[in-house]
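1. need coordinates for the below:
(one chain, ligands or ions: 3)
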Amino acid sequence: MRFTVRDIGAMKQAGERIVMLTAYDHPSAALAEAAGVRFLLVGDSLGMVVLGRDSTLPVTIGDMVHHAEAVVRGAPNALVVGDLPFLTYACPEDAVAAARALMQQAGVQAVKLEGGAALAPIVRHLTTLGVPVMGHLGFTPQAMHQVGVRVQAKEAAEARRLLDDALALQDAGAFAVVLELVPAPLAEAVSARLRIPTIGIGAGAGCDGQVQVWHDLLGLSLQKPPRHARVYAPVGEMIRDAIAAYAADVRDGSFPTAANSARMDQAELDRALGRDDR
Ligand SMILES: Nc1nc(=O)c2c([nH]1)NC[C@@H]1CN(c3ccc(C(=O)N[C@@H](CCC(=O)O)C(=O)O)cc3)CN21
Ligand SMILES: CC(C)C(=O)C(=O)O
Ligand SMILES: [Mg+2]
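-> Ligands and ions are numbered 1, 2, ... in the order given. Have a look, this model is predicted:
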């Protein structure tokens, strides 16, 4: 049985911390679910960590559907949320089209969009139609050229606006909200004032849950991981060393061995090559 948005809400009520992780393909989703994580985000971060672009802005709904489909199949018991890409939710009609692609084609159970009170009418429109929506406040990467890649809402006026934005998203029917790169005390205060769960990334331990990018957790990003991340296993280095070992074995002839190869009766080979039976 898949986890549901209602299960996520119940976890906040029960005081249980919520674990979310991104996933972008079948093996990453299956490994997350095997590890007991049942709340997955197909983030538009895939543009960066999977496709090698330098921001999330070029990601298309086609990219999202292609990856989300694989995640939905790889984690049959998870609640899968898909990011709506940059400029795909500028008006209600566009937002519906993007949500339709993610829910009907890819099969995700919810969508996420970046923005506050100004986006509340879009969030209301989607939730009224049966689309569960997750909000995203603080550092919103799709607005990087406007806000800069840095901690947001450090000053009172901006912090007050973030709280009001979170309340507006909740009132519009959002089932949860991501808080990215905001001061820990502010994230804790917002979490205490909301009925719906907050999921933090670079927002301290006072959020109701945490989300991390798969590649950051596993040391698979080629650049140094962001400050908000912890590398739990140096999988990138392990992969590089494994590939180097394979290459060395091919070059010196120690791979493959007889165990990796198929045998053939010598008489059969002689017949095939046109020699007499011996
Ligand atoms: N690999 C990866 N991890 C992420 O968490 C992530 C992505 N990619 N791509 C999409 C967005 C962009 N995010 C980012 C990107 C950069 C920083 C960053 O450069 N942080 C600074 C600290 C900023 C500060 O403290 O003011 C750092 O030094 O790591 C943070 C979040 C979060 N998301
Ligand atoms: C960092 C998370 C919250 C995200 O939006 C993404 O991975 O795209
Ligand atoms: Mg995103």
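
2. low-confidence regions, the stretch 151-278 of the chain specifically.
-> The stretch 151-278 of the chain contains residues with pLDDT under 70 at 222, 275-278.

3. quick one: the strands in it?
-> Here the stretch 151-278 of the chain has its strands, by DSSP state E, counting those that start in this stretch, at 176-180, 198-201, 209-212.

4. reformat those strands as JSON lines; add mean neighbour count and distance to residue 271.
-> (C-beta placed from N, C-alpha, C; glycine too.) Output for the strands of the stretch 151-278 of the chain, formatted as JSON lines (neighbours: other Cβ atoms under 10 Å; distance: least, Cβ to Cβ, whole Å):
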{"stretch": "strand 176-180", "mean neighbour count": "27", "distance to residue 271": "68"}
{"stretch": "strand 198-201", "mean neighbour count": "28", "distance to residue 271": "66"}
{"stretch": "strand 209-212", "mean neighbour count": "22", "distance to residue 271": "61"}
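
5. residue 21: which of these is closest?
-> Across the strands of the stretch 151-278 of the chain, residue 21 has its closest neighbour in strand 209-212 (6.0 Å, Cβ to Cβ).

6. which neighbours in the sheet does that closest one have, and how are they oriented?
-> The strands beside strand 209-212 in its sheet (DSSP bridges) come out as strand 18-22 (parallel), strand 198-201 (parallel).

7. can you tell if it touches ligand 2?
-> Yes - using Cβ under 6 Å from any ligand atom, we find that strand 209-212 touches ligand 2 at residue 211.

8. please identify the buried residues of the helix ranked longest in the chain?
-> Looking across the chain with DSSP state H, the single longest helix is helix 235-252. By 16 or more other Cβ atoms under 10 Å, the buried positions in helix 235-252 come out as residue 236.

9. go on, stretch 8-22?
-> Here stretch 8-22 shows 8, 9, 11, 12, 18, 19, 20, 21, 22 as buried, counting by 16+ other Cβ under 10 Å.

10. the fourth one contacts residue 192, doesn't it?
-> Same thing as residue 12. No - contact criterion Cβ atoms under 8 Å: residue 12 and residue 192 do not qualify, at 10.9 Å.

11. relative to ligand 1, how far out is residue 194?
-> Residue 194 sits 21 Å away from ligand 1, going by Cβ to the nearest ligand atom, to the nearest Å.

12. surely that residue is in contact with residue 166?
-> Yes - if you go by Cβ under 8 Å, residue 194 and residue 166 touch, sitting 5.8 Å apart.

13. since that was my last question, I'll sign off now.
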